[in-house]
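Asker: fold the following, please.
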Amino acid sequence: MLFILRKQKPETLFMSIKPYSFTVKVKKEHIDVLNHVNNVQYLNWVQDAALKHWATLTTEKIDANYFWVVARHEIDYISSALLNEELTVKTWIGLSKGKISERFVNIYRGEDLIVKVKTIWCLMSKKTFRSSIIPEEVYAILE
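Answerer: Below is the predicted model:
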């Protein structure tokens, strides 16, 4: 149950369920000294997932006025990925409200979940380079 204690208009709260996914093959440059995918590489795939998914949703007008920056990553490493394995990277947008939006990324080896990530993104204005309340035009493309 949500209680609004202020008299002003409540912030828009929105959750998207449109997933986006792609596959990657683990290459030699992804491998660390422990012979599995380096933790930083998972973050690269998380970034790729966000950029690729956003590119399917956004418009030129929105891109001309706004950009997203990472405020926080939470990563759970469940299992290791190894050289030449094929992985599926799946992402979707969670709750969006105020200036922030959460994005989830799961990385699978076959049916097995090996990494799960929750990232908090903050919307920024290209005009002021300051954080910006998510406008209705952005909420509209997330529906």
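
Asker: T23 and L87 touch, don't they?
Answerer: Yes. Look at T23 against L87 with CB atoms under 8 Å: they come within range, at 6.6 Å. Heads up, the C-betas are built off the backbone N, CA and C, glycines and all.

Asker: CA atoms of the longest strand seen in the chain as CSV?
Answerer: Counting residues, the longest strand found in the chain (DSSP state E) is strand 112-125. Backbone C-alpha positions of strand 112-125 (Å, rounded to 0.1, in the frame of the first residue of the first chain) are rendered in CSV as follows:
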residue,chain,number,x,y,z
ASP,A,112,21.6,-21.7,-15.7
LEU,A,113,21.7,-18.2,-14.1
ILE,A,114,25.4,-17.4,-13.5
VAL,A,115,25.3,-13.6,-12.8
LYS,A,116,22.5,-11.3,-11.8
VAL,A,117,22.9,-7.5,-11.6
LYS,A,118,20.7,-4.6,-10.4
THR,A,119,21.9,-1.2,-11.6
ILE,A,120,20.5,2.1,-10.6
TRP,A,121,20.6,4.7,-13.4
CYS,A,122,20.2,8.4,-13.0
LEU,A,123,18.7,10.5,-15.9
MET,A,124,20.8,13.6,-16.8
SER,A,125,20.1,16.6,-18.8
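
Asker: just the angle for the helix or strand hosting H73 relative to strand 112-125, thanks.
Answerer: Secondary structure from DSSP states H and E places H73 in strand 66-77. Orientation check (axes from the mean of the first three to the mean of the last three CA atoms, to 10 degrees): strand 66-77 against strand 112-125 gives 150 degrees.

Asker: counting contacts, what elements does whichever helix or strand comes after strand 66-77 pack onto?
Answerer: Scanning forward in sequence from strand 66-77 by DSSP H and E, the next helix or strand is strand 86-97. Other elements packing on strand 86-97 under the criterion 3 or more CB pairs under 8 Å, 6 or more residues apart in numbering; DSSP states H and E are strand 13-15, strand 20-25, helix 39-57, strand 100-109, helix 136-142.
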